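Asks: sharing a sequence plus its predicted fold:
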Amino acid sequence: MDSSGVPKETKADEKRVGLLPVGAHMLVEAGHTVYVEQGATEGSGVPVEDYMEAGAFVVDTAAEVFEASDMIVKVKEPQPHEFSMIKENQIIFTFFHFAADDKLTNAFIDTGAIAIAFETVEGRDGLLPILAPMSEIAGRMSIQEGAKYLEAPQGGRGVLLGGLPGVASADVVIIGAGVCGLQRRFDRCRHGCFRAPARYRRRPVATSRTHASGERVHPHVESI
């Protein structure tokens, strides 16, 4: 593999970019050529000039990226209009979630390309280093979304999640203690919600992390 390409994400509401400038720099330093589609970095707030300084080439279209690259680095699965640009034996490195989409699976098989799904990449410790941050985000967002739907305009009872002096905070029940569940727990504590004893299921990620607040996750874990 001599070249990698970063096309602009075109799935609805997807603003992320598949490769940061530091990643482009590392690939260039290793002797690879990196192509970035113009506009691919705008949604994530990363100036395209940072990629150019890292040694990447900026091209005008996604078709140019796909044509020039041995590996395509994306965030989300290929969209219907992208399948015609995928080449046989080209590596597509992105989130796929094939199990949830037969149409996507069959369409990708027909391309003859090689899929490396972010969600299946495991470290030597058996953890999922690319998937785990997505679960952390989902855990944090769940508390934010839950708080929104407690508001009266959203059909809730008008409960303020963290409470106020003289007003009790909400009780939050968290089911599961994976990466997502633990992030809910940490976020709940930051909101000042009642901190109830919890039991956790055995999970390597739960036993190996110390939260940024300094709280150590108990190593004997069991879910409810």
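Replies: Looks like it arrived, so ask away.

Asks: pLDDT (mean, whole number) over the biggest helix by length in the chain?
Replies: The residue-count maximum for a helix in the chain (DSSP state H) belongs to helix 131-148. On average, the pLDDT along helix 131-148 is 85.

Asks: grab the CA positions of that helix and hand them over as PDB.
Replies: C-alpha atoms of helix 131-148 as PDB (Å, rounded to 0.1, in the frame of the first residue of the first chain):
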ATOM      1  CA  LEU A 131     -15.100   1.700  18.800                       C
ATOM      2  CA  ALA A 132     -14.600   2.600  22.400                       C
ATOM      3  CA  PRO A 133     -14.500   6.400  21.900                       C
ATOM      4  CA  MET A 134     -17.800   6.300  20.000                       C
ATOM      5  CA  SER A 135     -19.400   4.500  23.000                       C
ATOM      6  CA  GLU A 136     -18.000   7.100  25.300                       C
ATOM      7  CA  ILE A 137     -19.600   9.800  23.200                       C
ATOM      8  CA  ALA A 138     -22.900   7.900  23.200                       C
ATOM      9  CA  GLY A 139     -22.800   7.600  26.900                       C
ATOM     10  CA  ARG A 140     -22.300  11.300  27.500                       C
ATOM     11  CA  MET A 141     -24.900  12.200  24.900                       C
ATOM     12  CA  SER A 142     -27.500   9.900  26.600                       C
ATOM     13  CA  ILE A 143     -27.500  12.000  29.700                       C
ATOM     14  CA  GLN A 144     -27.800  15.200  27.600                       C
ATOM     15  CA  GLU A 145     -30.700  13.700  25.600                       C
ATOM     16  CA  GLY A 146     -32.400  12.300  28.700                       C
ATOM     17  CA  ALA A 147     -32.300  15.700  30.400                       C
ATOM     18  CA  LYS A 148     -33.800  17.300  27.300                       C
END
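
Asks: okay, buried residues for it please.
Replies: Leu131, Ala132, Ser135, Glu136, Gly139, Arg140, Ser142, Ile143, Gly146, Ala147 (16 or more other CB atoms under 10 Å). To be clear about C-beta, it is placed using only N, CA and C from the backbone, and glycine gets the same treatment.

Asks: how far off centre is that helix?
Replies: Mean-position distance between helix 131-148 and its chain equals 11 Å (CA atoms, centre = their mean, to the nearest Å).

Asks: neighbours of the closest residue to Val28 other than its chain neighbours, how many?
Replies: In space, and not counting its chain neighbours, Val28 is closest to Gly55: 3.6 Å by CB to CB, 6 or more residues apart in numbering. Gly55 is flanked by 15 other residues according to other CB atoms under 10 Å.

Asks: check contacts around Gly55.
Replies: Ala24, His25, Val28, Glu29, Val34 (CB atoms under 8 Å, 6 or more residues apart in numbering).

Asks: give me that answer again for 7 Å
Replies: Contact analysis of Gly55 by CB atoms under 7 Å, 6 or more residues apart in numbering lists Ala24, His25, Val28, Val34.
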